[in-house]
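Colleague: The sequence and its predicted three-dimensional model are supplied below.
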Amino acid sequence: ICNKSTHVIYNSEYTKERYDNYVNVPSSIIKLGTDSDLFSPSKDRTTKKETIIFIGSSNEEFKGFSMMNNIIESNDYDFILVMKDSYSTSHPRIKVYNKINQYQLSKLINQSDLLVCTSRKETLHLAGIEAMFCNLPVVTNDVGIYAEIKKDKRWGKVVDKYNLTCYNNSIVEILNNKSL
């Protein structure tokens, strides 16, 4: 399909690099925008315990949700799960929000100390960008936008997507380093 087009538009450098070898037409990148008025740091925090947020779905193939479950089970932090699907749990340290709007999402990000991305496949990961706009550090693996910015350590850490110990060590390191 792409080769029948006159021009291909990608949403990140990462996506362009992955597919450009298969496309023989001109291409360009138009990155997705983030509402910086809505997604900005807030001091209206109500949570007291360190809280980790996950934004995605319970899909294993794309979101690597079993890794998120392993992170939850191996830590004593509170967790906010913002889910695109109808996931639910009765776990005492987890608050689940399903299909919320952008205003609610910005409020939940600002109630958190850290965002974790366990995705196995992403083209961008807009949720992480929105978290960064709120000055929230991110622990992720080498997918989407993180593949492009991983050398800049100011926003968080990139870890091996299949290594629970790496995720947990990075979470502790970031939560203990409030200057990040």
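Modeller: Sure, I can see it. Numbers count the residues shown, from 1 in each chain.

Colleague: In this protein, what residue spans correspond to helices?
Modeller: For the chain, the helices defined by DSSP state H occupy 13-19, 60-63, 65-73, 102-109, 126-133, 145-149, 164-176.

Colleague: what's the fourth one packed up against?
Modeller: If you count contacts as 3 or more C-beta pairs under 8 Å, 6 or more residues apart in numbering; DSSP states H and E, helix 102-109 packs onto strand 51-56, strand 78-83, helix 126-133. Every residue, glycine included, has its C-beta placed from N, CA and C.

Colleague: Repeat that for the longest one.
Modeller: Of the remaining helices and strands, those touching helix 164-176 by 3+ C-beta pairs under 8 Å, 6+ apart are helix 65-73, strand 114-116, strand 138-141, strand 156-159.

Colleague: For the second one, name the packing helices and strands.
Modeller: Right, strand 114-116. strand 51-56, helix 126-133, strand 138-141, helix 164-176.

Colleague: Give the rounded mean pLDDT of it.
Modeller: The pLDDT scores in strand 114-116 average 94.

Colleague: Repeat that for stretch 169-177.
Modeller: 92.

Colleague: and it, how far out from the chain's middle?
Modeller: Averaging C-alpha positions (C-alpha atoms, centre = their mean, to the nearest Å) puts stretch 169-177 16 Å from its chain's average.

Colleague: list the buried ones in stretch 5-25?
Modeller: The neighbour-count criterion (16 or more other C-beta atoms under 10 Å) identifies 8, 10-12, 14-16, 23 as the buried residues of stretch 5-25.

Colleague: and L175, how many neighbours?
Modeller: 18 (other C-beta atoms under 10 Å).

Colleague: An error on my part: the question was meant for Y167.
Modeller: 25.

Colleague: related to what we said a few turns ago, out of the helices and strands packed on strand 114-116, which is closest to D37?
Modeller: In terms of C-beta to C-beta, the element of these nearest to D37 is helix 126-133, at 9.8 Å.
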